[in-house]
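**Student:** Build the 3D model from these lines:
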Amino acid sequence: MKHIITDRQFIVQTKVFSEVFPDYPNENTLKVYLYICRNYDWKVEAMHTAKTVIQSDLNISYRELTRVLNWLENNHFIQRSNSNNHQMYQTKILIAPDFDVRTNRYIGYSEPINTSKLKQLQEGYASVPNDVLSNAYLSMAPTGNAWKEDKIRTLVMLYRYCWLEYFGGINPDIISLNSLGKVTGIDPSFYYSLKMTETEAIRNINYLINDGLFQPVKVWFEQKYHQHTYVGDYDCINPSSNSSALFVLRPRYISKVKVGTIDELIREGKISFDKY
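**Tutor:** Numbers count the residues shown, from 1 in each chain. As a prediction, this is how the structure comes out:
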């Protein structure tokens, strides 16, 4: 697989996929939210983009875009940071709200998204390379490369469990592959959070593999502290007597901030990685 190094990555709180949340009004809602995440400027803690640009990028009408943004604001997913309709639209991403099933209402936080705060609250998040979810995939267009919501959710959640330095790819305790590199099982926590059956999640993962976004890679693991510990790619190292060979999923798109980790693994002779 030829890997693609991307300059930026964005944060998605996996709570937005939570099984305790009701379904969103439609899939446009999630796509607009992810677009905001993808275009968020961490230096100023806001996205500032003209609505006409968002319309063009996502192939969405002004009326529908306004409806979606109002829903996200009213339910505490985002907070508009300017009120002048003649300026570019500016908004902050908030820490994802809780949902009260008794009142059927979202209970919001007033704090903008912050990874330190998310760790403090023990709220999971995924770091996704910007290029992996292009405008074409998030588009509302009925034709072309636009994806359905279930594939987008699955892709984001796979990155939630991707640690190259620890697993060489996706945690094999979460996604199990057989000796042929085929997905055979998924930890229930993965597909429960996506509101899917295991069969549906496997189908979406196979779609992403066939689309060239992930590839099964054979690696060596050792069992340490009751968990798998990655020691190197199958063709790169000589395994110890207590090593076992497994397949893991490795993403095609890698964010630039992860390159240092990959280079270290390459220097140690543990990983075979094609940057180009």
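**Student:** CA atoms for contacts and neighbours, from now on please.
**Tutor:** Noted.
**Student:** just the CA coordinates of stretch 133-151, formatted as CSV?
**Tutor:** Backbone C-alpha positions of stretch 133-151 (Å, rounded to 0.1, in the frame of the first residue of the first chain) are rendered in CSV as follows:
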residue,chain,number,x,y,z
LEU,A,133,-12.7,12.7,4.7
SER,A,134,-12.7,15.0,1.7
ASN,A,135,-15.6,17.2,0.7
ALA,A,136,-16.6,14.7,-1.9
TYR,A,137,-17.2,12.1,0.9
LEU,A,138,-19.1,14.5,3.1
SER,A,139,-21.1,16.0,0.2
MET,A,140,-24.9,15.8,0.2
ALA,A,141,-24.9,15.2,-3.6
PRO,A,142,-27.0,12.2,-4.5
THR,A,143,-24.3,10.9,-6.9
GLY,A,144,-20.5,10.8,-7.0
ASN,A,145,-18.3,9.8,-4.1
ALA,A,146,-20.6,10.9,-1.3
TRP,A,147,-20.8,8.4,1.5
LYS,A,148,-23.7,7.3,3.7
GLU,A,149,-23.5,8.1,7.4
ASP,A,150,-22.8,4.5,8.5
LYS,A,151,-19.5,4.4,6.5
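**Student:** Just the buried residues of that stretch, please?
**Tutor:** Neighbour-count burial for stretch 133-151 flags 133-140, 146-147, 149, 151 (criterion: 16 or more other Cα atoms under 10 Å).
**Student:** do stretch 216-234 as well
**Tutor:** 216-222, 228-234.
**Student:** for stretch 90-107, same thing?
**Tutor:** 90-99, 106.
**Student:** List of residues touching the longest strand seen in the chain?
**Tutor:** In the chain, with assignment by DSSP state E, the single longest strand is strand 214-224. Outside strand 214-224, the residues within contact range by Cα atoms under 8 Å, 6 or more residues apart in numbering are 1, 168, 181-182, 208-209, 228-235, 239, 242-252.
**Student:** Got a ChimeraX select line for the buried ones in the residues you listed?
**Tutor:** Applied in ChimeraX, the following selects the buried portion of these according to 16+ other Cα under 10 Å:
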select :1,168,181,182,208,209,228,229,230,231,232,233,234,239,243,244,245,246,247,248,249,250,251,252
